[in-house]
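1. Next come a sequence and a model predicted from it.
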Amino acid sequence: MQCDYIALQFFTFIMEMKGQYILFLFLSISSLISAQERFVNLYPGWRANNAMQFEDGYLIMGLDTLNTYENTVHFVSTDIIGNQSSYTRLIIDTIDAIDVHSSKSYFISEGVITIGGNYKVYDKGYDLCPLIMYFNKDSFNLDSLENLKVYFGDKSARLICLIDRGDKILICGDVQYTLDANVRTYFGVFDKNTRYLTYKDYVRPNNCVMTPYQIFPTTDGGYIISCEQDITYALPKRIYACILKVDSEGNEQWRHVIRGRTDVPLYYDFEAVTYRPRVFNSPDGNYWVVWTDPEISTGNTMQSNPESSVRIAKLTDYNDSCTLTGERSLMVEFDNPDLNWWVINDSHQAGNGDMYLLLKNLWGIRSALAKIHANGVGAWFRTYKCYPDDDAESSNTELIGLTRTDDGGFMLTGAFRSTSSTMFPGGMIASVVFKVDSCGCFEAEGCNDHCMDSYSEHYVYMQEASIYPNPAKDKITVNFDYVGSKDTEFEYSIYNVDGKQILNDKSKACDLAIGTCNLKIDICDLPSGYYMIQLWGGGKIFTGRFVKE
């Protein structure tokens with residue numbers, strides 16, 4: 001009995017200590033989550049490809065999208081809470097346009113920002129010519145560039161991904177051999193010292209565009225290149241995810257094409273097509289492969305897949321071949337999010353093996369961030385959409401870049417596009433920058449309190465400005481919540497009831513009080529009537545309505 005009593009006392013002590021530990025752990029996690037910054041920024045007229053932790057804030061890099069034929073490189077630096085501190089746009093008189101295709105086209109090393117992309121040469125159509133650009137990290141000036149066109153002869157080629165390897169840069173992209181959909185993936189090594197590129201491209205099926213999305217280093221010194229084989233240029237139309245293993249010199253060791261499901265009634269007559277795979281390390285020394293199947297092939301057409309899913313399988317590499325085993329859908333583990341026909345745009349693997357996917361709807365309507373545990377079990381799924389009440393014929397929120405931040409959260413970057421609508425009378429093209437916490441949330445309150453919940457939706461709503469006097473005769477004062485610099489330049493547009501832009505101007509006259517901004521705008525020359533005003537500044541957008549007497 002005495003022993004039982006001592007054991008009971010000891011068990012009670014342990015449980016009390018365990019309860020205190022759990023409480024401490026909960027408070028620690030809550031403190032960590034609350035310390036993670038969150039913000040939403042939109043900048044007009046360009047696309048954000050990538051964002052990196054940079055000095056005391058973030059560096060956002062992207063492309064001008066105002067004119068498709070005159071793309072230019074952009075840099076925006078912000079403080080830790082997203083307030084814009086500088087803006088730089090590259091202009092090169094000798095190049096028609098520059099394009100950068102993915103978030104994996106950037107890295108920063110030894111004071112240099114390296115960007116892989118293409119310049120366009122216009123003839124009857126245009127040719128894409130790969131290049132590597134080196135920018136000064138402090139001034140953002142273009143210091144030099146490597147023109148790689150000479151290695152591809154008269155072929156049009158794109159540089160899509162690059163990886164820093166010290167004195168070498170690994171690159172991959174696609175190269176067009178002929179105009180009949182003969183496009184091959186290539187893998188190359190650029191030597192910084194000799195300034196010489198060696199590359200190999202890979203035979204693909206007939207009538208196929210083969211596009212790479214990822215260079216994944218393997219433990220044996222080789223690489224797995226994640227590709228997509230688009231064979232919609234022939235019959236039967238189909239798209240297949242494809243993983244290609246090469247050695248350190250780019251020699252192909254094996255190739256595996258991921259076929260769609262045919263083993264359930266829906267697919268007896270059709271085949272699910274597979275999109276954009278991503279490869280991750282597995283704790284057992286093998287690899288995970290993740291892909292999606294948003295469409296099915298009926299032979300002559302491609303149609304939406306009513307059982308579209310995010311799929312995962314274990315990849316075992318045998319050096320000269322591979323196997324995929326245990327394929328399954330993650331949708332049940334993600335709590336079956338609404339059917340949105342996802343494709344993968346970017347990925348990240350944490351040091352503990354957890355996997356993250358940045359996805360978009362096949363048509364770009366909305367985007368998502370998903371977490372998969374290191375053991376391959378789905379953790380959570382977050383969806384994002386800007387302005388869900390936008391009544392445009394086409395309104396897209398497409399996130400393309402995923403970067404982990406020092407506080408454990410993520411930077412998500414991309415673009416918002418809207419055709420003409422009540423909310424955006426002149427249409428809208430804007431970069432999107434979401435700083436979310438480690439649970440994928442950008443609200444101060446919300447899903448971060450339930451980080452283990454499998455599925456949640458997040459929306460960006462238009463921020464309303466108050467206007468006074470209203471009605472007004474000569475001037476209006478526009479007031480809105482703003483915590484940025486008083487030197488922020490705001491651009492504003494005024495539209496009439498028919499959606500026609502009546503006035504467009506800039507103003508620095510921001511009377512910045514605590515957390516609010518007041519802009520005084522002259523409306524003397526406006527005819528009497530009802531108007532809407534939209535204002536941009538520091539990555540924020542505001543709207544309001546007023547009456548001119």
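-> Sure, I can see it. Numbering: from 1, shown residues only.

2. Run through the strands of the stretch 101-250 of the chain in chain order.
-> Shown for the stretch 101-250 of the chain, the strands assigned by DSSP state E, counting those that start in this stretch span residues 106-109, 112-122, 126-136, 142-147, 156-165, 168-178, 182-191, 196-201, 208-217, 223-230, 239-246.

3. Same list (these) but as TSV, adding mean pLDDT, mean neighbour count and distance to V436.
-> (C-beta placed from N, C-alpha, C; glycine too.) Formatted as TSV, the strands of the stretch 101-250 of the chain follow (pLDDT from 0 to 100; neighbours: other Cβ atoms under 10 Å; distance: least, Cβ to Cβ, whole Å):
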stretch	mean pLDDT	mean neighbour count	distance to V436
strand 106-109	93	16	20
strand 112-122	87	21	24
strand 126-136	88	20	27
strand 142-147	92	14	32
strand 156-165	94	21	24
strand 168-178	94	20	29
strand 182-191	95	21	32
strand 196-201	96	16	37
strand 208-217	96	22	22
strand 223-230	97	24	24
strand 239-246	97	24	27
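
4. Out of these, flag the one nearest E398.
-> Shortest separation from E398 across these is recorded for strand 208-217, at 15.2 Å, computed as Cβ to Cβ.

5. Can you get me a residue count around E393?
-> 8 (other Cβ atoms under 10 Å).

6. could you say which helix or strand contains it?
-> Here E393 sits in a region with no helix or strand, counting by DSSP states H and E.

7. sorry, back to before: a markdown table for the strands of the stretch 101-250 of the chain, including distance to R89?
-> Below are these laid out as a markdown table (distance: least, Cβ to Cβ, whole Å):
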| stretch | distance to R89 |
| --- | --- |
| strand 106-109 | 16 |
| strand 112-122 | 14 |
| strand 126-136 | 12 |
| strand 142-147 | 11 |
| strand 156-165 | 21 |
| strand 168-178 | 25 |
| strand 182-191 | 26 |
| strand 196-201 | 28 |
| strand 208-217 | 28 |
| strand 223-230 | 32 |
| strand 239-246 | 36 |
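
8. right, so of those, which gets closest to F424?
-> With Cβ to Cβ, the closest approach to F424 among those belongs to strand 112-122: 28.5 Å.

9. I'd like to know which elements the closest one is packed against.
-> With contacts defined as 3 or more Cβ pairs under 8 Å, 6 or more residues apart in numbering; DSSP states H and E, strand 112-122 has these neighbours: strand 57-64, strand 97-99, strand 106-109, strand 126-136, strand 156-165, strand 168-178.

10. The same query, at a cut-off of 7 Å, please.
-> With contacts taken as 3 or more Cβ pairs under 7 Å, 6 or more residues apart in numbering; DSSP states H and E, strand 112-122 sits against strand 97-99, strand 126-136, strand 156-165.

11. Would you state the helices of this protein in chain order?
-> 2-35 (DSSP state H).

12. Residue ranges of each domain in it, please.
-> Domain segmentation of the chain under automatic domain parsing yields 202-209+216-342, 464-548.

13. I'd like the mean pLDDT over the last one, please.
-> If you average the pLDDT over domain 464-548, you get 87.

14. Just the pLDDT at the nearest residue in space to G326 that is not next to it in sequence, thanks.
-> Closest residue to G326 in three dimensions, ignoring its sequence neighbours and counting by Cβ to Cβ, 6 or more residues apart in numbering: K314, at 5.0 Å. pLDDT for K314: 98.

15. and the residue nearest to the spatial centre of the chain, how far is that from R47?
-> The residue lying closest to the centre of the chain (Cα atoms, centre = their mean) is I400, at 2.1 Å. According to Cβ to Cβ, to the nearest Å, I400 stands 8 Å off from R47.

16. And for D220?
-> 37 Å.

17. ditto for G427
-> Distance, G427 to R47, by Cβ to Cβ: 15 Å.

18. hang on, the earlier thing: ok, which of the strands of the stretch 101-250 of the chain comes nearest K540?
-> It's strand 106-109; of the strands of the stretch 101-250 of the chain, that one is closest to K540 (Cβ to Cβ) at 24.9 Å.

19. Please convert the helices and strands packed on strand 112-122 to a markdown table, extending it with distance to G539.
-> Formatted as a markdown table, the helices and strands packed on strand 112-122 follow (distance: least, Cβ to Cβ, whole Å):
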| stretch | distance to G539 |
| --- | --- |
| strand 97-99 | 23 |
| strand 126-136 | 21 |
| strand 156-165 | 27 |
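
20. Count the residues that sit near the residue nearest to G539 when sequence neighbours are not counted.
-> Residue nearest to G539 in three dimensions, not counting chain neighbours: N41, with 3.0 Å by Cβ to Cβ, 6+ apart. Neighbourhood size, N41 [other Cβ under 10 Å]: 24.

21. so how far is stretch 370-377 off the chain centroid?
-> Offset of stretch 370-377 from its chain centre (Cα atoms, centre = their mean, to the nearest Å): 19 Å.

22. how about it as PDB, C-alpha atoms only?
-> What follows is stretch 370-377, C-alpha atoms only, in PDB (Å, rounded to 0.1, in the frame of the first residue of the first chain):
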ATOM      1  CA  ALA A 370      -0.200  23.500 -48.300                       C
ATOM      2  CA  LYS A 371       1.900  21.800 -45.700                       C
ATOM      3  CA  ILE A 372       2.800  18.100 -45.700                       C
ATOM      4  CA  HIS A 373       4.600  16.500 -42.800                       C
ATOM      5  CA  ALA A 374       8.000  14.900 -43.300                       C
ATOM      6  CA  ASN A 375       6.300  11.500 -43.100                       C
ATOM      7  CA  GLY A 376       4.100  12.300 -46.100                       C
ATOM      8  CA  VAL A 377       0.900  13.000 -44.200                       C
END
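
23. Buried residues, that stretch. List them.
-> Neighbour-count burial for stretch 370-377, counted by 16 or more other Cβ atoms under 10 Å, picks out A370, K371, I372, A374, G376.

24. hmm, which two among those residues are most spread apart?
-> Using Cβ to Cβ, the pair of these lying farthest apart is A370 and A374, separated by 14.1 Å.

25. Please report the distance of the residue lying closest to S329 once chain neighbours are set aside from F490.
-> In space, and not counting its chain neighbours, S329 is closest to S309: 4.0 Å by Cβ to Cβ, 6+ apart. Between S309 and F490 the computed distance is 45 Å (Cβ to Cβ).

26. Also G82?
-> Going from G82 to F490 by Cβ to Cβ gives 16 Å.

27. same check, this time on L266
-> 53 Å.

28. go on, P306?
-> Taking Cβ to Cβ, one finds P306 at 47 Å from F490.

29. Looking at the two, which is more packed in?
-> More crowded of P306 and F490, by other Cβ under 10 Å: F490, with 22 against 9.

30. for the closest residue in space to the more buried one that isn't next to it in sequence, what are its contacts?
-> Spatially, and ignoring its direct neighbours in sequence, F490 is nearest to G537 (3.7 Å; Cβ to Cβ, 6+ apart). By Cβ atoms under 7 Å, 6 or more residues apart in numbering, the contact set of G537 is T488, E489, F490, E491.

31. Assess the claim that the third one and K520 are in contact.
-> So the one you mean is F490. No - using Cβ atoms under 7 Å, F490 is not in contact with K520; the gap is 11.4 Å.

32. which parts of stretch 279-299 are buried?
-> Buried residues in stretch 279-299, counted by 16+ other Cβ under 10 Å: 279-282, 287-297.

33. averaged over its residues, what pLDDT does stretch 395-410 have?
-> Stretch 395-410 comes out with an average pLDDT of 95.

34. G446: how many residues sit nearby?
-> 14.

35. what's the closest non-adjacent residue to E393?
-> T419 (4.9 Å).

36. Backbone dihedrals for the one you found, please?
-> phi -70, psi 180 (degrees, to the nearest 10).

37. Touching, it and A392? I think so.
-> Yes - judged on Cβ under 7 Å, T419 makes contact with A392 at a distance of 4.6 Å.
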